[in-house]
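Asker: sequence and predicted structure, then a few things I'm wondering about:
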Amino acid sequence: MIPGFVTPAVSIIVPAYNEEAFLEPTLRALHAAAAGLGAPYEIIVVDDGSTDRTAAIAREQGARVVAVHVRQIAAARNAGARAAQADLLIFVDADTLVPASVLTQAVAAMRSGAVGGGAAVRMSDGHPRWAQRLLIAVSWMMCRARWAAGCFMFARRDAFERAGGFDERYFASEEIHFSRAVKRLGRFVMIPDRVVTSGRKADAFSFGQTMWQFVRLLDPRALKRRDGLAFWYGQRGE
């Protein structure tokens with residue numbers, strides 16, 4: 001063991017691809033929230049082949065950088081989990097702000113025996129009203145179903161490993177498959193306090209384009225190919 005090194009109790013894993021516009025506020029919010037845990041923590045940014053300053057910003061903000069080139073969110077999260085040193089794992093998207101109350105409740109839930117869980121989600125201000133209302137509805141449905149939203153999930157390491165991690169056959173909906181697998185192992189907690197995710201997709205895609213992407217979620221074959229999943233892996237289509 002490195003002299004002076006303290007094994008973290010909590011590992012926060014942030015997958016990122018070209019996230020220089022959003023990553024710094026996310027990491028600052030995570031440090032602020034984690035400061036109230038009363039336990040050592042680490043933040044790992046999984047840099048998935050970024051061509052911008054994502055990795056540099058991560059290091060500037062005190063995060064450990066794990067470099068991969070997979071261009072798949074499930075595989076990037078799994079890489080972060082393999083590199084993590086703690087037994088309590090928290091997964092946060094690079095454009096999501098996590099309040100201290102949510103992080104504290106997630107850690108408390110795992111320490112009290114929960115195998116994993118998620119939180120309610122709201123969109124940041126200044127985006128189309130239809131998108132904000134749609135996210136409220138989707139978040140309510142996922143909380144009722146006890147499916148963690150992809151932007152914020154947590155799991156004990158033993159449950160994560162028994163569940164097989166995130167299913168890398170899927171390029172989208174991997175959080176639903178993960179939630180289902182972890183729920184079978186024990187108590188799965190949905191925190192009512194909300195994390196705040198960006199509305200950048202609502203700025204890049206119209207209502208019709210967004211609904212079409214959600215329709216694609218109904219076809220398991222489409223979810224196993226990156227092509228056609230521009231909502232998650234590309235920019236706005238024509």
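Answerer: Everything's here; your move.

Asker: biggest strand in the protein by residues?
Answerer: strand 188-197 (DSSP state E).

Asker: which parts of that strand are buried?
Answerer: Using 16 or more other Cβ atoms under 10 Å as the burial criterion, the residues of strand 188-197 that qualify are 188-191, 194-197. Any C-beta I mention is one placed from the backbone N, CA and C, and that applies to glycine too.

Asker: save those residues as TSV, and put in pLDDT too.
Answerer: What follows is the buried residues of strand 188-197, written out as TSV (pLDDT from 0 to 100):
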residue	pLDDT
188	98
189	98
190	98
191	97
194	97
195	98
196	98
197	97
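
Asker: among those residues, which pair sits farthest apart?
Answerer: 188 and 196 (22.3 Å; Cβ to Cβ).

Asker: what helices or strands is the longest strand of the chain leaning on?
Answerer: Strand 188-197 sits against strand 96-97, helix 100-111, strand 116-123, helix 129-145, with contacts defined as 3 or more Cβ pairs under 8 Å, 6 or more residues apart in numbering; DSSP states H and E.

Asker: one more time with 10 Å
Answerer: Contacts defined by 3 or more Cβ pairs under 10 Å, 6 or more residues apart in numbering; DSSP states H and E place strand 188-197 against helix 23-34, strand 96-97, helix 100-111, strand 116-123, helix 129-145, strand 152-156, helix 174-183.

Asker: strand partners (parallel or antiparallel) of it?
Answerer: Paired neighbours of strand 188-197 in the sheet (DSSP bridges): strand 96-97 (antiparallel), strand 116-123 (parallel).
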